[in-house]
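[1] mind folding the following:
(chains A and B)
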Number of protein chains: 2
Amino acid sequence: MTNNWWKWVCVLFVFFSFTAKAESQKDVVDYVNPFIGTSNFGTTNPGAVCPNGLMSVVPFNVMGSPDNKYDKDARWWSTPYEFYNVFFTGYSHVNLSGVGCPEMGSLLLMPTTGELKVDYKEYGSRYKNEVAKPGYYANILTDYNIKTEVTATLRSSVARFTFPKGKSHILLNLGEGLTNESGAFIKKVNDCEFEGMKVLGTFCYNPQAIFPIYFVMRVNKKPLSSGYWKKQRPMTGVEAEWDKDNGKFKLYTNYKKDIAGDDIGVFMNYDTKTNEQLEVQMGVSFVSIENARQNLEEEQKGKTFDQIHAEARQAWKDNLSRIMVEGGTEDQKTIFYTALYHTLIHPNILQDVNGQYPALESDKIKTITEGNRYTVYSLWDTYRNVHQLLTLVYPEKQRDMIRTMINMYEEHGWMPKWELFGRETYTMEGDPAIPVITDSYLKGLRGYDINKAYEAFYKSATIAGKGNLLRPDNDDYLQKGYVALREQYDNSVSHALEYYVADNALSRLAKALGKTKDAKLFYDRSLNYRSYYDKQYGTMRPLLPNGKFLTPFDPKQGENFEPSPGFHEGNAWNYTFFVPHDVQGYAKLMGGQKAFVNKLQMVFDKGYYDPANEPDIAYAHLFSYFKGEAWRTQKEVRRLLKENFKNLPEGIPGNDDTGAMSAWAVFNMMGFYPDCPGNPSYTFTSPVFNKIIIKLDKQQWGREQLVIETVSPSDKAEIIKKVELGGKPYNSFRLTHDQLIKAGNVKFYLQ
Amino acid sequence: MTNNWWKWVCVLFVFFSFTAKAESQKDVVDYVNPFIGTSNFGTTNPGAVCPNGLMSVVPFNVMGSPDNKYDKDARWWSTPYEFYNVFFTGYSHVNLSGVGCPEMGSLLLMPTTGELKVDYKEYGSRYKNEVAKPGYYANILTDYNIKTEVTATLRSSVARFTFPKGKSHILLNLGEGLTNESGAFIKKVNDCEFEGMKVLGTFCYNPQAIFPIYFVMRVNKKPLSSGYWKKQRPMTGVEAEWDKDNGKFKLYTNYKKDIAGDDIGVFMNYDTKTNEQLEVQMGVSFVSIENARQNLEEEQKGKTFDQIHAEARQAWKDNLSRIMVEGGTEDQKTIFYTALYHTLIHPNILQDVNGQYPALESDKIKTITEGNRYTVYSLWDTYRNVHQLLTLVYPEKQRDMIRTMINMYEEHGWMPKWELFGRETYTMEGDPAIPVITDSYLKGLRGYDINKAYEAFYKSATIAGKGNLLRPDNDDYLQKGYVALREQYDNSVSHALEYYVADNALSRLAKALGKTKDAKLFYDRSLNYRSYYDKQYGTMRPLLPNGKFLTPFDPKQGENFEPSPGFHEGNAWNYTFFVPHDVQGYAKLMGGQKAFVNKLQMVFDKGYYDPANEPDIAYAHLFSYFKGEAWRTQKEVRRLLKENFKNLPEGIPGNDDTGAMSAWAVFNMMGFYPDCPGNPSYTFTSPVFNKIIIKLDKQQWGREQLVIETVSPSDKAEIIKKVELGGKPYNSFRLTHDQLIKAGNVKFYLQ
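    Below you'll find the predicted structure:
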């Protein structure tokens, strides 16, 4: 960071200058710092996006220069922006936030001046004066002295470029992007409009998860001239001598009709006056070019850049102000509202303004008539806490997300696992749709066909054979009660542990639906986790097909994303306490409460805990299951918050995982956390704010708000001395969702 | 030829077997051997095409195997087919016939069996039993035991593949082709239909002569499955490790929406029964996908393969039977009708069935309401004889071609020079539209706006500066009367000689239009050729800007396509007699008739004559301008015919030049040749047939036929003893078009 700390100082200066002057009217939106998580592999970005918007416009700075610290082509890289990089090559349209695989981040829009250059290595620019706010980003391209600003609607964007006097250019590069797919098509519609398509996909290198993005781009001033470029295929021998463009970027100056290729782009040439502003609108769709155009027209018609920015800001204000906090430091408020902001990016809407969307794993285009169709379901991450947050605070979003999931089942025959713009990428493991919907249902959220959902859950839980797309190793699981390790790195234990959690949730749902026999079946299954517990090491341990443990075995193998037999993205310690549905039973297996608590404390003390990976993120909350040990939960959570969540680019402990890390922070900063997905209950943590008001959907929850108050003698007080629930003393550190809602008020006394 | 002569024997056997059995009904179509010109760089092809049809379907055998004698990627190569090559990689759709630069020849359609392969180097096949007839081609792919047959309508094609039992595939490769452009787009419409676009262009490596071809492909049976392939961009480092497809052909098995890229294709998988026939239709358009579909539907609806083939054959019969010959050998008839066939391929129609076509050098789509819009104007070649043949025998085609040229002027501001599917490629030199239209006009062909044409001609003849797109060196030409050599290989003499010919034609047109002053201006200019004549060498010689001849100088430099200062595709000898408009005057300059004749005879005797290049192809006819020397014309023409035009793949002396070589043969075999473009007259040669009946357009020419009879004591008689014109003795070896038409009958007595 030595070379870059000045940059951060500048950004903070800009950020606080902006917020300070309006301190008196400072609202929740001003507490969002979109730079949080943009380094340390947080993979969030500072781009302009609306709440759950399809469109995002992100400064793309991860290619083209050796001066960048991180280059998308030189290493595994999954985000269009890194805070400490320096080389800007355009704005990417439609991006993922907080993911671990490269995808999307294409349609790169770049303004330049001087001689026309179409090779991003040549036309990229250094920049300064970055400003990022919800729905807005700006910088100054120092190589060109161009001010660039972007804002967005749900399905479209607009960029405003303030040029110096002279020759200026606007470029749209369809050859590059974060995605590893290539191939695009462009057609000039008129002097000010281009339309086209780009192929995206191969998320997490799934070679068949391919989908098209359609776009319409408009400029608000007719260029002096325009054309295409295309990198020419290399030629050899005599052909190479005859074609001077071979292997290079060729400019198509006369040709204005359709062009297609792996590496193509559009250029528009202008002669700008001093400070002349040009605007570029982009509409997108995953259905068709026509829909991209309609999205652009309906969402932007007649509106100025500033109006669109104001509307985006208002949308964020409406969303973020569902939770109002008092007290805490400015940094804590910033961390909190930025985390809340990050939980409201994915899943994002997919349907066009006319309701059309691509059906899951299908060539069909369907139309939604009510609510939203969502996409980008990173369910292995989000089933743990994001959907619990949405259920409580944004039930209308969660309802539509559940409806979407059930529609996906009807379209594809399976619930989503890691769905991405109409493709099931099958990334990660488990059966995470079950806890997502069960949790909402058991909390009382309705408005979807729960029987259809149950049908889907029952199918994936009970079908044997490779044809089970969600549980490919269900044969073992059904026959042996565990998934046997059959290949060295098959993640078998991780798979099975996820199935246990899902089946436990499913047993709760079955019970709620009156299916007692099913409920018992799935409950019994969910306890089979016990077979993995190895008393010798005191950890989960991979099992072989013959029922014996894998030997040799090292429970620490698998740190730092090294492969580990039986475990996915972690080691045995990161999974050993991942039995949220049977904590007491597991403690007995381990030798009782004390043994359990001591071992869990050791995991934290010895640094076996990974704050950035999902399987263990609810470890700290498990102490609260045991009498007299809840203080450990409060203490560890406070420590983890302090160490891992900061008002800094490094302020998220690794990939945000489409909001899962952020949702962890949001809940824990408010004083309660849903530590068992599919179990409608929470564990208390010690809030960092004096007062938190969660505005509730009265029709859904029967009350208008949930108030959390904290009486704290000092900032350092982090242990809960006592709790009052609904004004009455409450003698537990856990409570159900119903209890919370009925009480409407929790008052914490810290010490 | 040592390894391949059996192939030719087989083809001849098939050809004659077919024709022999129907000898009694053998009609003109049976005398066409489409294999003539398919070797020796004739660059004709044996594909299926209708007269002046937009669509042609050609067996593509010039890539993918070291066993091919000629490979498009290993050397300069301009035809999709070579007779002695052996490796078939599909049928290319829309091709050029007889050109010298690589272009078109894409949309490669290939049937295979067994394991699916998508790399043409792997899926190509050897073949046998080739059959080529007008509108039909067939072979057997020996690697797969598939019989393939193709036929065509004007704007569409159909292929019939007869498969063996087992796994079969149909492939459409959009990544390869004869064109050096790349980039394509495909969309699956339904299980049996794909639509798309491919970028074509860079003809003669003109980097901006780019245009799209649109297509719709249909199969007559739903495939078991289908998908795309795309060659992946190469990756390096960690990316390469993670993407196993990098740098390879990747199969897209699930993705069915739009795909685009440099090197893409479609595959369709079948399980065929023994001898199961599958048909693939292809419609094309240079306007839009919708038009491609409409072309396909309107031209093929409800018709079987055999019906379409029969209609194509009938169209050829209608066209070819405008000239009926009697006598001559079977080979002579074959050579004659094949040559006539080759003159009826380009220019070809461009407009779609709805009349739409791309305007020249424009983004506009226009609609033709009457007649045909033509394209592929290789005018530097065809102005010499092709259009003269069309004017006489197919005046309705020539009229539409002239109308097209005038429309092109209105669209682009300039007459065409080497127009290609809406692009002016500016290939070769001169101002060839002038003689084309002048020649027709002076012969009495009407039905177009001659004043508009004259306006265009006057413009290119008189505008100075680089802005003159047809005559870029008009500054010199206007100021000095010649084009000075300013760069070593600027072809300055060739340019000027073409301008003289054009200006001479223009002076005739001006005179006919009553513009006497213009007529004198252009006539005077046309005599400036004299300044190039160097008495020292007795040849044309490049002039420097200071008016002196280029030194050193070797009139033979430039043979065999070596570059030669001042001369394009030839040497000084190939151009020295290229003054068709002032033969008598030139003879005086050279020292009189005897000097002229002797030198011209020397050119033939010493082998300075190139039978395959346009500037000298009328040399032999010049003898007839001089009393007592016409026998030399007759003798040399007979010799040239015999030596250069054969019923063999090598039967054309080099590039057919979109029919110019063939038109030379057609005229000379009939006994007269138009040796001065723009001068409506002919020189007699000795016919090779006993009787020739040319069916005339009575409305145009006032009579129904022109009859040429030949009384010849033996096959070896080649000198004209006497001529009767309209039954009366005729005492010249030259005559005007009017004389010929008025007479209606020419009778040659040979000795």
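[2] what about the strands in the stretch 501-650 of chain A?
    A:533-534, A:539-540 (DSSP state E, counting those that start in this stretch).
[3] and the last one, what does it pack onto?
    Think strand A:539-540. For strand A:539-540, the helices and strands in contact under the criterion 3 or more C-beta pairs under 8 Å, 6 or more residues apart in numbering or on different chains; DSSP states H and E are strand A:533-534, helix A:572-576. Backbone N, C-alpha and C define where each C-beta goes, glycine included.
[4] which residue is nearest the middle of chain A?
    Centroid-nearest residue in chain A: A:Thr658, 1.3 Å away (criterion: C-alpha atoms, centre = their mean).
[5] my read: that one touches A:Val99, true?
    Yes: A:Thr658 is within contact range of A:Val99, at 6.3 Å (criterion: C-beta atoms under 8 Å).
[6] mutual contacts of those two, please.
    Counting by C-beta atoms under 8 Å, 6 or more residues apart in numbering or on different chains, the common neighbours of A:Thr658 and A:Val99 are A:Ser378.
[7] what's the end-to-end length of stretch A:531-538?
    12 Å (C-alpha to C-alpha, to the nearest Å).
[8] how about that stretch, which residues are buried there?
    Residues A:Ser531, A:Tyr532, A:Tyr533, A:Asp534, A:Gly538 are the ones in stretch A:531-538 that count as buried (16 or more other C-beta atoms under 10 Å in any protein chain shown).
[9] and the second one, what is it in contact with?
    Yep, that's A:Tyr532 we're talking about. A:Tyr482, A:Val493, A:Ala496, A:Leu497, A:Met540, A:Arg541, A:Pro542, A:Leu543.
[10] run the last query once more with 7 Å
    A:Tyr532 sits next to A:Tyr482, A:Val493, A:Ala496, A:Met540, A:Arg541, A:Leu543 when contact means C-beta atoms under 7 Å, 6 or more residues apart in numbering or on different chains.
[11] element containing the first one, please.
    Looking back up the chat, that one is A:Tyr482. Using DSSP states H and E, A:Tyr482 maps to neither a helix nor a strand.
[12] quick one: it and A:Leu543 touch, right?
    Yes: if you go by C-beta atoms under 7 Å, A:Tyr482 and A:Leu543 touch, sitting 5.3 Å apart.
[13] just the pLDDT for A:Gly558.
    We have a pLDDT of 82 for A:Gly558.
[14] mind checking how far it is from chain B?
    20 Å (C-beta to the nearest C-beta, to the nearest Å).
[15] and that residue, how many neighbours?
    A:Gly558: 23 surrounding residues under other C-beta atoms under 10 Å in any protein chain shown.
[16] and if you look at the one 3 residues further on?
    Neighbour count of A:Phe561, defined by other C-beta under 10 Å: 13.
[17] circling back to that earlier point, farthest-separated two in the contacts of A:Tyr532?
    A:Ala496 and A:Arg541 (11.9 Å; C-beta to C-beta).
[18] out of those two, which sits in the busier spot?
    A:Ala496 (30 against 25).
[19] mind checking pLDDT for that one?
    In this model, A:Ala496 carries a pLDDT of 98.
[20] from what I see, it and A:Tyr477 are in contact.
    Yes: using C-beta under 7 Å, A:Ala496 makes contact with A:Tyr477 at a distance of 6.3 Å.
[21] common neighbours of the two, please.
    By C-beta under 7 Å, 6+ apart, the residues touching both A:Ala496 and A:Tyr477 are A:Val483.
[22] ok, back up a step: can you tell me which of the buried residues of stretch A:531-538 is closest to B:Trp573?
    A:Tyr532 (93.1 Å).
[23] who's in contact with A:Pro432?
    So A:Pro432 contacts A:Leu379, A:Trp380, A:Tyr383, A:Lys417, A:Ala502 (C-beta under 7 Å, 6+ apart).
[24] closest one of those to B:Pro223?
    Once C-beta to C-beta is applied, the member of the contacts of A:Pro432 that ends up nearest B:Pro223 is A:Lys417, at 29.7 Å.
[25] please report the distance of the closest one from A:Met405.
    10 Å (C-beta to C-beta, to the nearest Å).
[26] ok, A:Gly42 to B:Gly585 distance?
    87 Å.
[27] could you find the closest non-adjacent residue to the residue of the stretch 451-600 of chain A found nearest chain B?
    Nearest residue of the stretch 451-600 of chain A to chain B, counting by C-beta to the nearest C-beta: A:Leu469, 12.6 Å away. Leaving aside its chain neighbours, A:Leu469 sits nearest to A:Trp414 (5.1 Å; criterion: C-beta to C-beta, 6 or more residues apart in numbering or on different chains).
[28] is it correct that that neighbour is in contact with A:Leu470?
    Yes: counting by C-beta under 7 Å, A:Trp414 does reach A:Leu470; the two are 5.5 Å apart.
[29] between these two, what contacts are shared?
    Contacts common to A:Trp414 and A:Leu470, judged by C-beta under 7 Å, 6+ apart, are A:Ser460.
[30] those two: which is more packed in?
    A count of neighbours by other C-beta under 10 Å puts A:Leu470 above the other of A:Trp414 and A:Leu470, at 25 against 22.
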